[in-house]
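Chemist: Quick one: sequence plus predicted model below, questions after.
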Amino acid sequence: MAATKIIILIGTMTGTAQLCAQEMELALGDDETQVEALLMDNLDVSVFDRDGAFLICTSTYGQGDVPDNARALYEDLQRKRPDLSKVRYGVFGLGDRTYAETFNYGGKRFDDILTELGARRVGERYKHDASSGVLPEETAVEWCQEWVSKLQEGNRAPA
Ligand SMILES: Cc1cc2nc3c(=O)[nH]c(=O)nc-3n(C[C@H](O)[C@H](O)[C@H](O)COP(=O)(O)O)c2cc1C
(Lines give C-alpha, C1' and ligand atoms only; values in the text may rest on other atoms or scores of the structure.)
Protein backbone atom coordinates (compact mmCIF):
# COMPACT_ATOMS: atom_id res chain seq x y z
CA MET A 1 0.00 0.00 0.00
CA ALA A 2 1.26 3.51 -0.79
CA ALA A 3 2.51 5.55 2.17
CA THR A 4 0.04 7.95 3.78
CA LYS A 5 1.32 11.52 3.41
CA ILE A 6 0.48 14.10 6.03
CA ILE A 7 1.32 17.78 6.00
CA ILE A 8 0.99 19.53 9.35
CA LEU A 9 0.41 23.29 9.02
CA ILE A 10 1.38 25.15 12.17
CA GLY A 11 -0.15 28.39 13.41
CA THR A 12 1.54 29.55 16.59
CA MET A 13 2.49 32.60 18.58
CA THR A 14 4.56 31.23 21.44
CA GLY A 15 5.50 27.78 20.12
CA THR A 16 2.99 25.46 21.84
CA ALA A 17 1.33 24.40 18.59
CA GLN A 18 4.77 23.85 17.07
CA LEU A 19 5.75 21.59 19.96
CA CYS A 20 2.53 19.61 19.46
CA ALA A 21 3.28 19.31 15.73
CA GLN A 22 6.81 18.09 16.41
CA GLU A 23 5.48 15.41 18.77
CA MET A 24 2.87 14.36 16.21
CA GLU A 25 5.55 14.20 13.50
CA LEU A 26 7.70 11.93 15.69
CA ALA A 27 4.75 9.74 16.69
CA LEU A 28 3.39 9.26 13.17
CA GLY A 29 6.42 9.08 10.92
CA ASP A 30 7.24 5.51 9.86
CA ASP A 31 7.49 3.35 6.74
CA GLU A 32 3.76 3.74 6.09
CA THR A 33 3.29 7.37 7.05
CA GLN A 34 5.33 10.32 5.78
CA VAL A 35 4.90 13.49 7.78
CA GLU A 36 6.04 17.01 7.03
CA ALA A 37 5.48 19.85 9.51
CA LEU A 38 5.45 23.40 8.13
CA LEU A 39 5.07 26.69 9.95
CA MET A 40 2.35 28.66 8.16
CA ASP A 41 4.65 31.68 7.77
CA ASN A 42 4.88 32.68 4.10
CA LEU A 43 2.52 29.96 2.87
CA ASP A 44 -0.28 30.67 0.44
CA VAL A 45 -3.17 28.60 -0.91
CA SER A 46 -0.84 26.73 -3.27
CA VAL A 47 0.24 24.61 -0.28
CA PHE A 48 -3.08 22.76 -0.71
CA ASP A 49 -1.94 21.55 -4.15
CA ARG A 50 0.43 19.18 -2.40
CA ASP A 51 -0.27 15.51 -2.34
CA GLY A 52 -1.43 14.35 1.10
CA ALA A 53 -3.84 15.07 3.93
CA PHE A 54 -3.53 18.25 5.96
CA LEU A 55 -3.45 18.63 9.69
CA ILE A 56 -4.11 22.18 10.84
CA CYS A 57 -2.43 22.68 14.20
CA THR A 58 -3.16 26.19 15.38
CA SER A 59 -3.69 28.31 18.47
CA THR A 60 -5.96 31.34 18.91
CA TYR A 61 -5.04 34.95 19.67
CA GLY A 62 -6.40 38.44 19.95
CA GLN A 63 -10.16 38.25 19.93
CA GLY A 64 -10.53 34.79 18.51
CA ASP A 65 -8.08 35.39 15.66
CA VAL A 66 -5.63 33.05 14.01
CA PRO A 67 -2.02 33.62 15.17
CA ASP A 68 0.03 36.24 13.28
CA ASN A 69 2.03 33.62 11.38
CA ALA A 70 -1.22 32.06 10.08
CA ARG A 71 -2.87 35.27 8.96
CA ALA A 72 -1.42 35.43 5.43
CA LEU A 73 -2.54 31.88 4.62
CA TYR A 74 -5.97 32.41 6.17
CA GLU A 75 -6.51 35.66 4.28
CA ASP A 76 -5.27 34.10 1.03
CA LEU A 77 -7.95 31.39 1.41
CA GLN A 78 -10.59 34.08 1.97
CA ARG A 79 -9.42 36.14 -1.00
CA LYS A 80 -8.77 33.45 -3.63
CA ARG A 81 -11.39 30.92 -2.56
CA PRO A 82 -9.81 27.96 -4.39
CA ASP A 83 -11.75 24.75 -5.00
CA LEU A 84 -10.44 22.41 -2.28
CA SER A 85 -12.80 19.52 -2.94
CA LYS A 86 -9.86 17.12 -3.24
CA VAL A 87 -8.46 18.12 0.14
CA ARG A 88 -8.91 16.13 3.33
CA TYR A 89 -7.92 17.67 6.63
CA GLY A 90 -8.07 17.54 10.40
CA VAL A 91 -7.85 20.27 13.03
CA PHE A 92 -5.91 20.17 16.27
CA GLY A 93 -6.79 23.50 17.87
CA LEU A 94 -5.25 25.16 20.88
CA GLY A 95 -6.97 27.72 23.05
CA ASP A 96 -8.00 28.60 26.55
CA ARG A 97 -11.54 28.38 27.94
CA THR A 98 -10.88 31.53 29.96
CA TYR A 99 -11.62 33.22 26.61
CA ALA A 100 -15.16 31.88 26.75
CA GLU A 101 -16.54 33.83 23.78
CA THR A 102 -13.75 32.89 21.40
CA PHE A 103 -12.56 29.55 22.73
CA ASN A 104 -10.49 27.78 20.07
CA TYR A 105 -11.62 30.11 17.29
CA GLY A 106 -8.26 29.87 15.49
CA GLY A 107 -8.95 26.23 14.64
CA LYS A 108 -12.62 27.01 14.05
CA ARG A 109 -11.78 29.71 11.50
CA PHE A 110 -9.65 27.31 9.46
CA ASP A 111 -12.24 24.56 9.81
CA ASP A 112 -15.02 26.84 8.59
CA ILE A 113 -13.17 28.22 5.57
CA LEU A 114 -11.81 24.84 4.48
CA THR A 115 -15.31 23.33 4.66
CA GLU A 116 -16.73 26.29 2.75
CA LEU A 117 -14.16 25.71 0.01
CA GLY A 118 -15.20 22.08 -0.37
CA ALA A 119 -12.51 20.33 1.67
CA ARG A 120 -13.59 17.32 3.73
CA ARG A 121 -12.71 17.10 7.41
CA VAL A 122 -11.66 13.75 8.81
CA GLY A 123 -12.67 13.29 12.48
CA GLU A 124 -13.81 15.96 14.90
CA ARG A 125 -11.99 19.23 15.47
CA TYR A 126 -9.90 18.87 18.62
CA LYS A 127 -10.09 21.77 21.09
CA HIS A 128 -7.29 21.87 23.61
CA ASP A 129 -7.91 24.00 26.69
CA ALA A 130 -4.75 25.51 28.21
CA SER A 131 -6.59 26.12 31.50
CA SER A 132 -7.33 22.39 31.91
CA GLY A 133 -3.84 21.37 33.02
CA VAL A 134 -3.76 18.67 30.32
CA LEU A 135 -0.49 18.85 28.38
CA PRO A 136 -1.30 19.58 24.74
CA GLU A 137 1.70 17.73 23.33
CA GLU A 138 0.61 14.53 25.08
CA THR A 139 -3.00 14.80 23.94
CA ALA A 140 -1.76 15.65 20.46
CA VAL A 141 0.04 12.32 20.13
CA GLU A 142 -3.00 10.29 21.20
CA TRP A 143 -5.39 12.34 19.10
CA CYS A 144 -3.29 12.23 15.92
CA GLN A 145 -2.93 8.45 16.07
CA GLU A 146 -6.72 8.11 16.08
CA TRP A 147 -6.96 10.72 13.36
CA VAL A 148 -4.56 8.82 11.10
CA SER A 149 -6.53 5.60 11.66
CA LYS A 150 -9.67 7.39 10.48
CA LEU A 151 -7.79 8.79 7.51
CA GLN A 152 -6.57 5.35 6.52
CA GLU A 153 -10.05 3.84 6.96
CA GLY A 154 -11.25 6.52 4.55
CA ASN A 155 -8.47 5.60 2.09
CA ARG A 156 -9.61 1.98 2.09
CA ALA A 157 -13.32 2.72 1.81
CA PRO A 158 -14.76 2.72 -1.71
CA ALA A 159 -15.28 6.23 -3.06
C1 LIG B 1 -3.03 37.51 24.28
C2 LIG B 1 -3.66 36.17 24.17
C3 LIG B 1 -4.91 36.03 23.55
C4 LIG B 1 -5.54 34.78 23.47
N5 LIG B 1 -6.80 34.70 22.91
C6 LIG B 1 -7.43 33.50 22.92
C7 LIG B 1 -8.77 33.40 22.44
O8 LIG B 1 -9.39 34.37 21.99
N9 LIG B 1 -9.36 32.16 22.44
C10 LIG B 1 -8.73 31.04 22.93
O11 LIG B 1 -9.32 29.97 22.93
N12 LIG B 1 -7.46 31.12 23.39
C13 LIG B 1 -6.79 32.31 23.41
N14 LIG B 1 -5.51 32.39 23.89
C15 LIG B 1 -4.85 31.16 24.43
C16 LIG B 1 -3.83 30.53 23.46
O17 LIG B 1 -4.42 30.18 22.22
C18 LIG B 1 -3.26 29.27 24.13
O19 LIG B 1 -2.53 29.65 25.27
C20 LIG B 1 -2.39 28.42 23.21
O21 LIG B 1 -2.02 27.23 23.89
C22 LIG B 1 -1.13 29.15 22.76
O23 LIG B 1 -0.49 28.36 21.78
P24 LIG B 1 0.79 28.88 20.97
O25 LIG B 1 1.94 28.95 21.94
O26 LIG B 1 1.04 27.84 19.92
O27 LIG B 1 0.48 30.20 20.35
C28 LIG B 1 -4.88 33.63 23.99
C29 LIG B 1 -3.62 33.77 24.58
C30 LIG B 1 -3.02 35.01 24.69
C31 LIG B 1 -1.66 35.12 25.37
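Modeler: That came in fine, so what should we check first?

Chemist: which residues does residue 7 bridge with?
Modeler: residue 36, residue 54 (DSSP bridges).

Chemist: and it, how far is that from residue 33?
Modeler: Residue 7 is 12 Å from residue 33, where distance means Cβ to Cβ, to the nearest Å. In short, each C-beta sits where N, CA and C put it, glycine included.

Chemist: When these two are compared, which one has more neighbours?
Modeler: Taking other Cβ atoms under 10 Å, residue 7 and residue 33 do not tie; residue 7 has more neighbours (19 against 16).

Chemist: and the more buried one, what does it touch?
Modeler: For residue 7, the contact set (Cβ atoms under 8 Å, 6 or more residues apart in numbering) comprises 35-38, 47, 50, 52-55.

Chemist: Swap in 10 Å and give it another go.
Modeler: Taking Cβ atoms under 10 Å, 6 or more residues apart in numbering, we find residue 7 in contact with 34-38, 47-48, 50-56, 89.

Chemist: Please spell out the PyMOL selection for the buried subset of those.
Modeler: Of these, the buried ones go into a single PyMOL selection, burial set by 16 or more other Cβ atoms under 10 Å:
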select buried, resi 35+37+48+52+53+54+55+56+89
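
Chemist: filter the contacts of residue 7 by proximity to the ligand?
Modeler: Among these, not one lies near the ligand by Cβ under 6 Å from any ligand atom.

Chemist: Could I get the buried residue list for stretch 72-90?
Modeler: Within stretch 72-90, the residues scored as buried using 16+ other Cβ under 10 Å are 73-74, 76-77, 82, 84, 87-90.

Chemist: got it, and stretch 127-137?
Modeler: 127-130, 136-137.

Chemist: can you tell me if it touches the ligand.
Modeler: Yes. Using Cβ under 6 Å from any ligand atom, stretch 127-137 reaches the ligand at residue 130.

Chemist: Can you get me the start-to-end distance on that stretch?
Modeler: 13 Å (Cα to Cα, to the nearest Å).

Chemist: I am finished for the moment; much appreciated.
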